[in-house]
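Novice: Let's see this in three dimensions:
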Amino acid sequence: MSCLLDLLDDALIGSAARAALEAVDAEGAPLTLTFGQLETRSNCVAAALSARGLVAGDRLGIFLLNRVEIIDLWLATVKLGLIAVPTNVLYRERELRHIVSDAEPKAVVTTPDLAAHLPPGTAAWNVDDIMREARALEGATRPIVSLDADAPAALIYTSGTTGAAKGAILTHDNFTANARTIVEAWRISDADRFLCALPLFHVHGLGNGIHAWLASGCHMKLVERFEGARAESLFLQYEPTLFFGVPTMYVRLLELPAASAVAIGRHARLFVSGSAPLPPHVLESFRECYGHAILERYGMTETLMNAGNPYDGDRRAGTVGRAFRGVDIRIRDESGLDMPDTTSGELWVRGPNVCKGYWRRADATAASFVDGWFRTGDLGTRDVDGYITLQGRRSELIISGGFNIYPREIEELLLEQPGVREATVVGVADKVRGEVPVAYVVSDGQLDDQAIERHLRSQLASFKLPRAFVRVDSLPRTALGKVQKHLLPPWTP
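Specialist: Numbers count the residues shown, from 1 in each chain. As a prediction, the model looks like this:
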């Protein structure tokens, strides 16, 4: 086991003069930084945070759109031994209230517009104030903090089947092991050019993207978000060799002109997809247009990366490949017995990538961890040659555009509305987002769909809003009262 800085220092110190990053600053002007400048900036930010009273073990919320300051803050928290709490910028007060009350951060670093969504009483620190204070501390040296590799580095919140968010405790060693795994597996080197359009509040962008960049010493271009309208110029101008995305992004890339797709594919080395299942037809269409087979992999907030299709070899559509080196994956039945190849069961995972448990949730930790194994809740099969095919969740998770949606959270809000007697939410296939939530409602009379949508929009992230409200006379239930969602009438746009 090792501290995360031991890995990152090869770039931050060993390649200090090397060009590291291209982005824009707070005013929208072009910004380029070397690895040495990132080291210096983060030392100053660490000094500014220390001056505000933060010490090792304190939690610090980060509630920001993609910007260079997230990297400064992340490196500063790692150096100080703080526990970062990156938070989805699409969350609103209902969701944020739970995370803030559960993690109890000393403060949340954000911007004034986003701070308006935080629950009353939250200590919100303006990121621009932090950076001004950091600049005033120019010349600050790296703080000396004794850190164990097993020390928590971040709490990343992931919803449970009840809809209550749980904080996965990810350690320095979790992030270090994961970075080494993907750099080796995907042959990432300092010759790569990495386009980062993933949100850095998510482990896909932070745990994979940022750490693969820093661990390899390659060059990165950071953008605030992926925008289909700007994708063509972005790819053609930067000419990345490496791109991590979610299926929705690849669907958008398939809309680009054929000549642009060929040019982008000519410069690229590797496209990786995760966070949601990649439809096989997207993989095949992308191969035809771009000349590359997208490498699909499998990870979770609690485990980071577990498995992936091979860099060399058959990247099979519909599968997530084999377990990564150092990671054990078993397919087991409900009693924990191993299932034979090609037989469906739950995926259990063990390895240095697996989190320590859930923050202040001994019950959830006990339910998910058994004798050193993490029960993923994912169902799947393994072929005789080790390729794993996922079949869905034991729970009723909806994954829309790479984001997790748990129906019960929406259902509870719907049931708060006057006239709603019963409600259930299901995921419906969508060619762009993978799945979208649709609500089935039993009412006592007339309902105002627009009023319901306005209420939900004020309480939930936009990606959780139901695509439609379908009226039904009753919900199909078992004799014990469980809703039989598969018996609901189908909905199509």
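
Novice: what does the lengthiest helix in the chain rub up against?
Specialist: Criterion DSSP state H: the longest helix present in the chain is helix 35-51. Helix 35-51 is contacted from outside by 11-13, 15-18, 20-21, 33, 60, 71-73, 75-77, 79-80, 82, 130-131, 133-135, 137-138, 140-143, 214, 217, using Cβ atoms under 8 Å, 6 or more residues apart in numbering. From N, CA and C alone the C-beta is placed, and that goes for glycine too.

Novice: Give me the buried entries from these.
Specialist: Applying 16 or more other Cβ atoms under 10 Å to the contacts of helix 35-51, the neighbour count classes 11-12, 15-16, 20-21, 33, 60, 71-73, 75-77, 79-80, 82, 130-131, 133-134, 140, 142, 214, 217 as buried.

Novice: Okay, and which of the residues you listed map to helices?
Specialist: Checking the buried ones among the contacts of helix 35-51 against DSSP H, those in helices are 11-12, 71-73, 75-77, 79-80, 130-131, 133-134, 214.

Novice: Closest one of those to Val262?
Specialist: Nearest to Val262 among those: Leu214, at 31.4 Å, using Cβ to Cβ.

Novice: Regarding the nearest residue to the closest one once chain neighbours are set aside, what is its secondary structure?
Specialist: Leaving out its chain neighbours, the residue that sits closest to Leu214 by Cβ to Cβ, 6 or more residues apart in numbering is Leu8, at 4.7 Å. Three-state call for Leu8 (DSSP: H, G, I helix; E, B strand; the rest coil): helix.

Novice: Now do the contacts for the residue positioned nearest the centre of the chain.
Specialist: Most central in the chain under Cα atoms, centre = their mean is His202, positioned 2.9 Å from the mean C-alpha point. Counting by Cβ under 8 Å, 6+ apart, His202 makes contact with Pro86, Asn88, Ile156, Ser275, Gly402.

Novice: Out of these, which is nearest to Ile99?
Specialist: Asn88 (9.0 Å).

Novice: Identify the bridge partners of Asp378.
Specialist: Arg393 (DSSP bridges).

Novice: gap between it and Arg394?
Specialist: 7 Å (Cβ to Cβ, to the nearest Å).

Novice: between the two, what contacts are shared?
Specialist: Common contact partners of Asp378 and Arg394 (Cβ under 8 Å, 6+ apart): Glu346.

Novice: Of the two, which one has the most company?
Specialist: Asp378 (22 against 13; other Cβ atoms under 10 Å).

Novice: Would you check how far apart that one and Ser395 are?
Specialist: Taking Cβ to Cβ, one finds Asp378 at 10 Å from Ser395.

Novice: list the contacts for Ala20?
Specialist: Ala11, Leu33, Thr34, Phe35, Gln37, Leu38, Trp213, Gly217, His219, Met220.

Novice: and whichever strand or helix holds the last one, what does it pack onto?
Specialist: Okay, so that is Met220. In this structure, Met220 sits in strand 219-222 according to DSSP states H and E. Judged by 3 or more Cβ pairs under 8 Å, 6 or more residues apart in numbering; DSSP states H and E, the packing partners of strand 219-222 are strand 19-24, strand 193-196.

Novice: could you dump those strands to TSV with mean pLDDT and distance to Arg67?
Specialist: Output for those, formatted as TSV (pLDDT from 0 to 100; distance: least, Cβ to Cβ, whole Å):
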stretch	mean pLDDT	distance to Arg67
strand 19-24	97	7
strand 193-196	98	12
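
Novice: Deepest-packed of those, please.
Specialist: For these, the largest average neighbour count (mean count of other Cβ atoms under 10 Å) is found in strand 193-196, namely a mean of 23.

Novice: What pairs with that strand, parallel or antiparallel?
Specialist: strand 219-222 (parallel), strand 242-245 (parallel).

Novice: What's the first helix or strand after the first one?
Specialist: Using DSSP H and E, the next helix or strand after strand 219-222 towards the C-terminus is helix 228-238.

Novice: What residues of that following helix count as buried?
Specialist: Ala231, Glu232, Leu234, Phe235, Tyr238.
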